Structures are given as structure tokens and as C-alpha cells.
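**Q** generate coordinates for the sequence data below:
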Amino acid sequence: MIRALIIDDEPHCIERIQSLAAELLPEKLHIMAGLADYDEALAAIRQYRPDLIFLDIQLAPDRTGFDLLGELGEQPVSVIFTTAYDRYAVKAFHFSALDYLLKPVGADELVEAVQKQIDRNPLVQTSSKIESLLGNLYGAGKRISIPVLTGVEILKLEDILYCISAVNYTTIYLKDKKKLTVAKVLKEFEEMLTEFNFCRIHNSHLINLAHVKAYNRGKGGFVQMSDGASLEVSTRRKDGFLEKLKRM
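**A** Okay, here's the model as predicted:
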């Protein structure tokens with residue numbers, strides 16, 4: 001059974017998770033306590049050493065869930081963030097491979113999130129994913145941070161030329177001729193980057209429109225990128241690509 005704490009400055013949010021857990025997960029999830037005060041929450045984590053924390057992001061006017069995690073040091077604990085953040089922030093959570101629940105927390109979503117935690121053993125939240133999330137949240141529109149085996153790679157969006165998929169992996173091609181392969185499907189990059197002048201031109205290709213040097217007509221055609229690469233444009237994506245190109 002997973003031993004958990006709920007940390008949220010809104011009592012009704014604590015009560016919501018407690019109620020759902022008691023009703024739907026009585027044999028899988030034990031809620032040891034719900035805490036609204038930052039200092040009390042920090043002390044409780046150190047005392048009870050839970051497997052899991054349901055953690056709100058904004059705990060006080062000048063203190064956040066990220067601050068709290070920073071004070072824990074190397075104490076192993078898994079985290080499910082509870083958030084009312086906007087659409088872009090939700091993408092950042094997803095892209096950083098972190099678990100989150102949108103408020104108000106739904107029954108099915110809670111059950112699914114807890115089951116994912118059970119399936120992961122041991123229940124340890126890696127610091128690299130937290131660093132990646134912070135980069136994606138606060139570097140919005142300027143850079144993207146992604147977790148890799150060695151830690152976190154922080155990339156300026158302007159330095160990304162294009163992304164090419166290979167089954168469950170995506171290779172990012174950069175302006176300095178470096179390549180970075182990530183265990184994420186291209187759709188995840190598309191969802192994260194489309195609003196920042198990136199365009200999916202093929203099932204396998206996502207490009208930065210700022211680095212398009214030329215377009216060669218054809219059934220679908222080909223784009224010439226700033227590094228000299230020639231990438232195919234699929235027929236069904238051609239019109240959408242050309243429309244975006246006109247607005248450049």
C-alpha cells in the first residue's frame with residue numbers, strides 16, 4: 001500500500017482527494033495526513049517519510065511546492081502535482097514526464113495516477129524531471145528543458161532546426177550541428193512547440209519555420225533547411241504548411 005500525504009493550502013482540495021481515496025482506493029492508498037501549512041508539511045514529510053506526496057504548486061503567496069521539494073534534499077519521494085495551471089503549463093508537466101492532476105481532481109484521473117505510481121518501483125521522483133519542469137514552466141517561449149540519461153538538456157527554441165521521429169524516439173537537430181535523441185514520440189514535441197513557430201510537415205518531420213530556406217514544389221514537395229537538409233512534405237500536410245509559411 002502506498003503511504004501518502006496531501007499538501008495543499010485549500011482544505012476543500014485536501015478533502016476531495018481524501019474522500020476519493022477512501023472510496024476508490026482503500027486497499028492501495030493510505031492518506032496519512034492532509035496539510036495546508038508549508039512548515040507543517042515540510043516537518044510531516046521528514047517525520048512520516050511518505051512514498052508519495054500530492055503536492056499543490058502555490059502553497060502560500062511567497063512559497064511554492066517547488067520550494068518545498070528543494071528543502072527535502074535527497075529524501076526519496078514520488079510526487080503527483082495538483083494544479084489549476086493553464087494549458088501551456090500542463091504541456092510542461094506532460095513533457096517533463098511528471099505526474100499531475102488538474103483541479104478539481106477527477107475520480108478516474110486519481111485512480112489512474114495512483115496505479116501508475118504502483119506500477120513504478122521504487123517510488124522515487126528524479127530531480128532531473130523537476131529541473132526539466134522548472135525550465136519548461138519558466139522558460140516558456142524561449143527554451144525547452146528535457147530529461148535525458150545524464151540529467152537535463154536545456155535548448156533554446158531558436159537553436160532547434162527540426163525534429164525527426166523513429167518509432168518511439170525523436171532526434172532533435174540543432175543549429176550547432178549537434179543531435180539529441182530523446183525517448184519521446186514526435187507528437188509530444190508537436191504539442192509543445194507548434195505555438196512557437198514549429199510545423200509538422202510529415203509524420204516523421206517537425207520543423208522550425210524560422211530555419212526554412214526554400215520550398216521545392218511537388219506532390220507534397222520538399223523543404224530546404226538552413227543546414228542543407230532536404231525534408232519531405234506530405235501531401236495532406238502541404239496546405240497547412242504553406243499557409244503557415246505565408247504568415248512568416
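
**Q** mean confidence for stretch 192-204?
**A** Averaged over stretch 192-204, pLDDT sits at 90.

**Q** any buried residues in it, and which?
**A** Judged by neighbour count using 16 or more other Cβ atoms under 10 Å, the buried positions of stretch 192-204 are M192, L193, F196, N197, F198, C199, R200, I201, H202. Glycine gets a C-beta too; all of them are placed from N, C-alpha and C.

**Q** check which element follows the lowest-mean-pLDDT helix or strand in the chain along the chain.
**A** Lowest on mean pLDDT, DSSP states H and E among the helices and strands of the chain sits helix 87-95, with a mean of 62. Using DSSP states H and E, the helix or strand that follows helix 87-95 in sequence is strand 99-102.

**Q** please save the CA atoms from the very next helix or strand once past that next one in PDB.
**A** Next along the chain after strand 99-102, taking DSSP H and E as the criterion, comes helix 107-119. Taking Å, rounded to 0.1, in the frame of the first residue of the first chain, the C-alpha atoms of helix 107-119 are listed here in PDB:
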ATOM      1  CA  ALA A 107     -12.100  10.100  -9.800                       C
ATOM      2  CA  ASP A 108     -10.800   8.300 -12.900                       C
ATOM      3  CA  GLU A 109      -7.800  10.500 -13.100                       C
ATOM      4  CA  LEU A 110      -6.800   9.900  -9.400                       C
ATOM      5  CA  VAL A 111      -7.200   6.100  -9.800                       C
ATOM      6  CA  GLU A 112      -5.000   6.200 -13.000                       C
ATOM      7  CA  ALA A 113      -2.300   8.300 -11.400                       C
ATOM      8  CA  VAL A 114      -2.100   6.100  -8.300                       C
ATOM      9  CA  GLN A 115      -1.900   3.000 -10.400                       C
ATOM     10  CA  LYS A 116       1.000   4.400 -12.400                       C
ATOM     11  CA  GLN A 117       2.800   5.000  -9.100                       C
ATOM     12  CA  ILE A 118       2.100   1.400  -8.000                       C
ATOM     13  CA  ASP A 119       3.500   0.100 -11.300                       C
END
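
**Q** for helix 107-119, give the mean pLDDT please.
**A** 90.

**Q** gap between it and the chain center?
**A** Helix 107-119 sits 17 Å away from the centroid of its parent chain (Cα atoms, centre = their mean, to the nearest Å).

**Q** nearest spatial neighbour of L206, skipping sequence neighbours?
**A** Distance criterion Cβ to Cβ, 6 or more residues apart in numbering; nearest residue to L206, sequence neighbours excluded, is C163 at 4.3 Å.

**Q** which elements pack onto the helix or strand where the one you found lies?
**A** Under the criterion of DSSP H and E, C163 resides in strand 160-166. If you count contacts as 3 or more Cβ pairs under 8 Å, 6 or more residues apart in numbering; DSSP states H and E, strand 160-166 packs onto strand 169-174, helix 186-193, strand 205-208.

**Q** domain map for this structure?
**A** Domains of the chain are assigned by automatic domain parsing as 2-134, 159-246.
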